[in-house]
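Chemist: The sequence and its predicted three-dimensional model are supplied below.
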Amino acid sequence: MEHSTKLFWALVLCVAVMAHQTTALEILKGTNPLIGEVTLRGKSLIDKVCTLSPSRDICVQVLSSDPVKSPNANLKDLAIISLRFAATNASDILTDAKILIDDDNLDPDVQQGLADCKENILDAESQLEDTIAALMVDSEVDAQLWLKAALAAIDTCDASIPGDDDVLSVKSAIFRKLCNIATAVNKLLVNPTKL
């Protein structure tokens, strides 16, 4: 009898977990099965997501930046929009780093720091592309890992450049904010019930 009771509770637990996962998937698809209403999309979703972001104004600007996808975006669309925006920012940082590295008036140690930073930004840019690829195959957990790696790369870049008021440091601070927006959206993808 005790074995039957344990089996019964294990089945109840499995059914509860499956129901939770089904509800989360329905929310991602745009319908909340618990109340039968359409969930947030587009501007209303952007506004809601950005209230959870420490950089609300930048968040709204970034997530509204895609004229095709933003108006009817779901969470996955917003995650990809934010990642592409961050990747573009990383490309801009690379361009600036290359220009600065070629400045013959810089101290060789500073040039080496810039070269190290450039390599880390290349890594971060690649990791953002890997994050997008992970999202495309619905692997939000892998996406979160790639995002953390991109943030670690920018931290390493910052550590290799002396000072914090130069062009690259300012742009890397913006890059970090963009990655944090992508992280916030991805966390909601993992647990959409927090909306």
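Modeler: Arrived safely.
Chemist: so what's residue 54 closest to, chain neighbours aside?
Modeler: Ranked by C-beta to C-beta, 6 or more residues apart in numbering and with sequence neighbours excluded, the top spatial neighbour of residue 54 is residue 180, at 7.0 Å. (Each C-beta comes from the backbone N, C-alpha and C, glycine too.)
Chemist: okay, now the one you found: neighbour count?
Modeler: Here the number of neighbours of residue 180 (other C-beta atoms under 10 Å) works out to 19.
Chemist: Validate this expectation: it resides in a helix.
Modeler: Yes. When classified by DSSP: H, G, I helix; E, B strand; the rest coil, residue 180 is found to be part of a helix.
Chemist: Can you verify my assumption that it contacts residue 56?
Modeler: No. Counting by C-beta atoms under 8 Å, residue 180 stays clear of residue 56, with 11.8 Å between them.
Chemist: Please, which helix or strand holds residue 94?
Modeler: With elements delineated by DSSP states H and E, residue 94 resides in helix 75-101, which encompasses its position.
Chemist: chain center to that helix: distance?
Modeler: 12 Å (C-alpha atoms, centre = their mean, to the nearest Å).
Chemist: Stretch 98-114 too?
Modeler: When C-alpha coordinates are averaged (C-alpha atoms, centre = their mean), stretch 98-114 and its chain have centres 31 Å apart.
Chemist: Distance check, the residue nearest to residue 54 against residue 173.
Modeler: Using C-beta to C-beta, to the nearest Å, residue 180 is found at 11 Å from residue 173.
Chemist: I would like the residues contacting stretch 75-91, please.
Modeler: 28, 45-46, 49, 62-63, 65-66, 69-70, 73, 121, 124-125, 128-129, 131-132, 135-136, 143, 150, 171, 174-175, 178-179, 181-182, 185-186, 188-189, 192 (C-beta atoms under 8 Å, 6 or more residues apart in numbering).
Chemist: Of these, keep whichever come out buried.
Modeler: 28, 45-46, 49, 62-63, 66, 69-70, 73, 121, 124-125, 128-129, 131-132, 135, 143, 150, 171, 175, 178-179, 181-182, 185-186, 188-189, 192 (16 or more other C-beta atoms under 10 Å).
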